[in-house]
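> Sequence plus predicted model, see below.
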Amino acid sequence: MKPCADRNHFGTLADGKPVLEFTLHNGNGMQLKVLNYGGIIRRWRLEEGPGAPVDIVLGFDTLRDYVRDSASFGALIGRYANCIDGGRFPLDGRACRLTRNDGRNHLHGGSPGFHKQLWQAEASADDGAARLTLHRFSPAGEEGYPGALLVMASYELTVSGALRCRYQAAADAATPLSISQHSYFNLAGGGDILEHELCIDADHYLSVRTDLIPTGEMRAVAGGAFDFRLARHVRSGLSDDDPQLEIARGYDHNFVLARHPGPHASLVDPVSGRRMEIQTDCPGLQFYSGNHLDGSQSSLGRVISAHAGLCLEPQQFPDAPNQPRFPSAICRPGTPCSSQSCYILSNWR
């Protein structure tokens, strides 16, 4: 079977607009199901033999679940992934104010951010991959952001089992930009991720305040709870006595990635042997260990409890518009902005 793509009706929004689900087939027993609502990855499904398919991301069964979701399951996040302190920042000599949707702070592009919007979508395939291209125009002033922004995102599922994510944008005025993917991974397809082995190629991470805004300090990981330079079980890190873990009730921190072609992180389920590597050109990787999943939601009939999945989100540094020491995350007119990340799956058949 060659790579191919199809689409189906998934539901209807309150304003009467239909939502479509696109299924990308890599021609080798792997499927990716994506909604044009929020650019949401709903399923990443592996057909490994005569048994039932295995889903390695958490997702909901109905559109209503996604409309009500506050945990960004599988979502395409923008204009700015993660947090901005106080919902404000200086830019070229003027003060900009954003929607405050996380206490006094701005989170994941506001409410609604990109992950609660309907995108234009086109699917295609060739001998090497099936892909979905998503387009959206974000008007000036949306959630308070300066400048209009034309955004394109693409998901490409290759025959070898890699998911390539590319994000491109052009602005007519300077604006912060950090687009990321917020899937919750569980390579076992069930249970929790506490025995997953995680490796992150980072010598430093960003320490946070009690409201999870970065303090500005790039703290060394060496020898502590945040040292994932050699693979370790997620559980072993969570068991460490570290005030930063107490603040977030686990991991919800950005790691300063080493600057090389990658891989920059890897995740392994030791029982099935499934392995995922991440390569990105982003400076940071947000690791969230699913601390606040509370059992109030379900997927495929399974209750989603704490640590049912984890997020590994390549992105710009959180609160970079307010942190002069961080790499700039400003997209300016005349200079198209882009980033890309690749999730490479192996040992899955």
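Yep, it's here.

> low pLDDT regions in the stretch 201-349 of the chain?
Within the stretch 201-349 of the chain, no range satisfies pLDDT under 70.

> can we see that at 90?
Residues of the stretch 201-349 of the chain meeting the criterion pLDDT under 90: 260-262, 294-303, 336, 348-349.

> which residues of it fall in strands?
202-208, 214-220, 232-233, 252-257, 265-268, 275-280, 284-288, 297-299, 302-304, 311-315, 330-331, 337-346 (DSSP state E, counting those that start in this stretch).

> who's in contact with the third one?
Applying CB atoms under 8 Å, 6 or more residues apart in numbering, the external contacts of strand 232-233 come out as 194-199. Backbone N, C-alpha and C define where each C-beta goes, glycine included.

> for the stretch 1-150 of the chain, what spans make up the strands?
4-12, 18-25, 30-35, 41-46, 54-55, 75-77, 83-84, 88-91, 94-97, 106-107, 120-125, 129-138, 149-158.

> Parallel or antiparallel, list what pairs with the first one.
With DSSP bridges as the criterion, the sheet partners recorded for strand 4-12 are strand 18-25 (antiparallel).

> what's the angle from the partner strand to strand 120-125?
20 degrees (axes from the mean of the first three to the mean of the last three CA atoms, to 10 degrees).

> Distance from the chain centre to stretch 184-195, please.
Stretch 184-195 sits 16 Å away from the centroid of its parent chain (CA atoms, centre = their mean, to the nearest Å).

> Give me the mean pLDDT for stretch 108-125.
Average pLDDT, stretch 108-125: 97.

> and it, how far out from the chain's middle?
The answer for stretch 108-125 is 13 Å, by CA atoms, centre = their mean.

> please begin residue numbering at 44 from this point
Understood, numbering begins at 44; the last thing we discussed is stretch 151-168.

> which stretches of the stretch 94-243 of the chain form helices?
According to DSSP state H, counting those that start in this stretch, the stretch 94-243 of the chain carries its helices in the segments 106-111.

> Make JSON lines from the strands of the stretch 44-193 of the chain and add mean neighbour count and distance to residue 309 to it.
Shown next, in JSON lines, are the strands of the stretch 44-193 of the chain (neighbours: other CB atoms under 10 Å; distance: least, CB to CB, whole Å):
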{"stretch": "strand 47-55", "mean neighbour count": "14", "distance to residue 309": "28"}
{"stretch": "strand 61-68", "mean neighbour count": "20", "distance to residue 309": "23"}
{"stretch": "strand 73-78", "mean neighbour count": "23", "distance to residue 309": "19"}
{"stretch": "strand 84-89", "mean neighbour count": "22", "distance to residue 309": "17"}
{"stretch": "strand 97-98", "mean neighbour count": "19", "distance to residue 309": "19"}
{"stretch": "strand 118-120", "mean neighbour count": "27", "distance to residue 309": "22"}
{"stretch": "strand 126-127", "mean neighbour count": "25", "distance to residue 309": "26"}
{"stretch": "strand 131-134", "mean neighbour count": "16", "distance to residue 309": "34"}
{"stretch": "strand 137-140", "mean neighbour count": "11", "distance to residue 309": "38"}
{"stretch": "strand 149-150", "mean neighbour count": "26", "distance to residue 309": "28"}
{"stretch": "strand 163-168", "mean neighbour count": "16", "distance to residue 309": "28"}
{"stretch": "strand 172-181", "mean neighbour count": "20", "distance to residue 309": "22"}
{"stretch": "strand 192-201", "mean neighbour count": "21", "distance to residue 309": "18"}
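
> Which of those strands sits closest to residue 383?
Closest to residue 383 of these is strand 192-201 (CB to CB; 9.2 Å).

> helices or strands up against the closest one?
On a contact count with 3 or more CB pairs under 8 Å, 6 or more residues apart in numbering; DSSP states H and E, strand 192-201 meets strand 61-68, strand 73-78, strand 172-181, strand 205-214.

> Show me the contact partners of the shortest one.
If I follow you right, that is strand 73-78. So strand 73-78 is contacted by 53, 62-69, 83-90, 96, 102, 106, 109, 164, 173, 175, 198, 200, 204, 206, 388, 391 (CB under 8 Å, 6+ apart).

> hey, what's the nearest residue to residue 304 once chain neighbours are set aside bridged with?
Nearest residue to residue 304, sequence neighbours excluded (CB to CB, 6 or more residues apart in numbering): residue 322, at 6.8 Å. Under the criterion DSSP bridges, residue 322 forms beta bridges with residue 385.

> Below-threshold pLDDT in the stretch 94-243 of the chain: ranges please.
Filtered on pLDDT under 90, the stretch 94-243 of the chain yields the residue ranges 94-95.

> let's see 80
Of all residues in the stretch 94-243 of the chain, those with pLDDT under 80 make up the ranges 94.

> hang on, the earlier thing: tell me which entries of the contacts of strand 275-276 lie within strands.
If you go by DSSP state E, those have 240-242 in strands.

> Contacts only, for the closest residue to residue 125 other than its chain neighbours.
Using CB to CB, 6+ apart and skipping the chain neighbours, the partner closest in space to residue 125 is residue 361 (3.6 Å). Residues near residue 361 by CB under 8 Å, 6+ apart: 124-127, 249, 256-257, 297, 327, 329.

> quick one: which of those residues is nearest to residue 179?
Out of those, the member with the shortest distance to residue 179 (by CB to CB) is residue 124, at 15.3 Å.
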